[in-house]
Structure formats: structure tokens, C-alpha cells
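Undergrad: here is my input, please return the structure:
(chains A and B)
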Amino acid sequence: MGNCLNTPTADDISLLRGSDSQDGSETANLGPPPPYQESVPIYHPSPNVSRTVTQLTEEEQIKIAKRLGLIQHLPTGVHDGCCKKTKECVICMGEFILGDRLRYLPCMHSFHKDCIDDWLMRSFTCPSCMEPVDAALLTTYETNN
Amino acid sequence: AELNKHPVEGFSAGLIDDDDIYHWEVLIIGPPDTPFEGGFFKAHLTFPKDYPLKPPKLRFVTDIWHPNIDKTGDVCISILHEPGEDKYGYERPEERWLPIHTVETIMVSVISMLTDPNDESPANIDAAKEWRENKSEFRKRVARCVRKSQES
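TA: As a prediction, this is how the structure comes out:
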């Protein structure tokens, strides 16, 4: 079967950096500052729960750290106009434009990276086919090994 | 937030104030062959700032008697519940809110809720009890709401 996925680039650490940047003093030697953020990142460990990093319970922190780790294992790429099938991101309903950063889920659905990453932190399911991403990730590992 | 407008049978939707895209008013026509037939029910959809990652809230402003609409008019259906894993495993994540829902898909769910109430998770316990045990009284009460909705 044809595959027009871009090979994943080096692990994207911007997510991790985003969560580290809570503590201003430690980010000093991490290179350039993280991109502008509206305010302190808010996490949604479970439905109807919104917390900043300092308000998270230990259990929630572990859950979020695991989630961030898993998300970073999902391939990313830049829209090069080759995938004729998907033309728009179903989350923001915006068309994919040449150069947009995309993320691909194991079920082969693709979205703007920023749109899907925000979503996956809330629910680890593909918005298009509702496939749980963790189960799909495991299947991918199994078929690859 | 991008919200689309498509004409769909059974309801119409628009902004309450043209300068505020987060507040919509929808007019739902009571579906045929249900006790709600003939009614014109007004409801307000309120979108959160982080839509479409979070669902909007839907509240009927016209009086309505239904097992899944509480007495203040708030609609309780699973697709309007915040996403994520539910500790109690009560609803699977895929039954909850998904960012691909639109005003149109929400309204389709609401119309199907009117046609087919879910009495397993009632928001209005009295209405659910009546719907289950005393259908004729339920219909009478809904008919009163329908008549009232036609006057305004």
C-alpha cells in the first residue's frame, strides 16, 4: 500500500519544554525560549477538571507525563500537498496549507499538529474514527516487530 | 472557532448578537410522530473559548418537559459531555464530545433525543418516571408545552 507519510523528524521536545517552563529558573539553559503562550498551560486530566501544573495531583502528573511521552511517539510532518485524500483538519476545519505542521495518528488520520496535540491531552481517541490511540499504537508496535 | 451553517430539516440556527460568535440561538421544530410535534422550541447554544476542544452547552429557553432536559432547560446528552476518560467508566470516550461535532450534528442528536428519550440517565427524574410509567400524563404535559411554544 502506498504511503505518503513523511519520516518522523527527531523527537519533538517542545511539548516537554512547554510543561517545564512553569519553573522559570530552570529553562535558562534550554536554548531559545518556548514559543509565546497565552498564559500558564492548563491541563485537563479528566472531564470537567482544569488545572495548572502546580494544582495537579501526583497521579495526574504521571498520567500527563505518560500522555506527553506517547504523543511524541506519533509521527509528525509538514504538509507537502502530496496527500490528496485529506484536505482539511477536521478539528479547526481549516484547509491544510503547504508547510503546515501535521501529526499522523496510527489510524492514518492526520490533523494540524497543534490542533490534535491539544485534543489528545484531553482524550486519547482519534476524533475522526474514535479509535483509542493507545490501543492503535500497540498494534503498530506489534506489526512492526 | 469556526462554526458552519448548513440548512438541516427540523431546526434553524443563528447568532443572538452578530458580534458574539459564542452565543447562538436555535429554533427546534418538534419532530413529527412524537409528542413534541408542532412545537417550536427555542434554545441557546453557548460555546466555550476553547471550542472545539470542549463542547458547547445547550439550554432550552422555551419550557419543555423531557427526561433528558432538566428543569432549568439544560440538555444532558452524552455528546455534550466533556471529553476524556471517565473515572467511573460510565460513558466511553467515543460517546462523549468530539471536536468534529458541529451545530448540525448536535442538533441531529437533540432531535433524536426528542424522538427517543434515554431514561437510563435522566436529567429530569419526574419526567423520566412519567415517561416510563404514565405515558398519557407525559403526553398531556408535553402537549401543554407545545401549545405554549406556539403562542410565543
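Undergrad: all strands of the chain, in order?
TA: Answering for chain A, as no chain was given. A:76-78, A:101-104, A:110-112 (DSSP state E).
Undergrad: my question was about chain B
TA: B:11-17, B:20-29, B:40-46, B:57-60.
Undergrad: for the shortest one, which positions count as buried?
TA: Judged by neighbour count using 16 or more other Cβ atoms under 10 Å in any protein chain shown, the buried positions of strand B:57-60 are B:58, B:60. For the C-beta atoms, the positions are set from N, CA and C on the backbone; glycine is no exception.
Undergrad: same for it, what does it pack against?
TA: strand B:40-46 (3 or more Cβ pairs under 8 Å, 6 or more residues apart in numbering or on different chains; DSSP states H and E).
Undergrad: now do the buried residues in the strand it packs on.
TA: In strand B:40-46, counting by 16+ other Cβ under 10 Å, buried: B:41, B:42, B:43, B:44, B:45.
Undergrad: and what of stretch A:65-80?
TA: Residues A:67, A:68, A:71, A:72, A:74, A:76, A:77, A:79 are the ones in stretch A:65-80 that count as buried (16+ other Cβ under 10 Å).
Undergrad: and the last one, how close does it get to residue B:133?
TA: Okay, so that is residue A:79. 57 Å (Cβ to Cβ, to the nearest Å).
Undergrad: tell me which of the buried residues of strand B:40-46 is nearest to residue B:15?
TA: Distance to residue B:15 across the buried residues of strand B:40-46 (Cβ to Cβ) is lowest for residue B:45, with 10.0 Å.
Undergrad: mind listing what that closest one touches?
TA: Residue B:45 makes contact with B:13, B:23, B:24, B:25, B:26, B:56, B:57, B:58, B:103, B:106, according to Cβ atoms under 8 Å, 6 or more residues apart in numbering or on different chains.
Undergrad: chain neighbours aside, what residue packs nearest to the first one?
TA: Put plainly, it is residue B:13. Closest residue to residue B:13 apart from its sequence neighbours, by Cβ to Cβ, 6 or more residues apart in numbering or on different chains: residue B:26 at 4.4 Å.
Undergrad: which residues does that neighbour contact?
TA: Counted by Cβ under 8 Å, 6+ apart, residue B:26 has contacts B:11, B:12, B:13, B:42, B:43, B:44, B:45, B:103, B:107.
Undergrad: need the pLDDT of residue A:135.
TA: Here, the pLDDT recorded for residue A:135 equals 78.
Undergrad: ok, now residue A:23?
TA: 46.
Undergrad: repeat for residue B:93
TA: Per-residue pLDDT puts residue B:93 at 72.
Undergrad: and it, what does it touch?
TA: Neighbours of residue B:93 in contact, by Cβ under 8 Å, 6+ apart: A:123, A:124, A:125, A:130, A:132, B:83, B:84, B:85, B:86.
Undergrad: top of these by neighbour count?
TA: residue A:125 (26 neighbours; other Cβ atoms under 10 Å in any protein chain shown).
Undergrad: flag every buried residue along the helix or strand of chain B with the lowest mean pLDDT.
TA: Lowest by mean pLDDT, DSSP states H and E among the helices and strands of chain B is strand B:11-17, with a mean of 87. For strand B:11-17, the neighbour count (16+ other Cβ under 10 Å) marks B:11, B:13 as buried.
Undergrad: just to revisit the earlier point, as CSV, the contacts of residue B:26 with distance to residue A:98 would be great.
TA: Supplementary listing: the contacts of residue B:26 in CSV, determined by distance: Cβ to Cβ, whole Å:
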residue, distance to residue A:98
B:11, 38
B:12, 38
B:13, 34
B:42, 44
B:43, 41
B:44, 40
B:45, 35
B:103, 30
B:107, 35
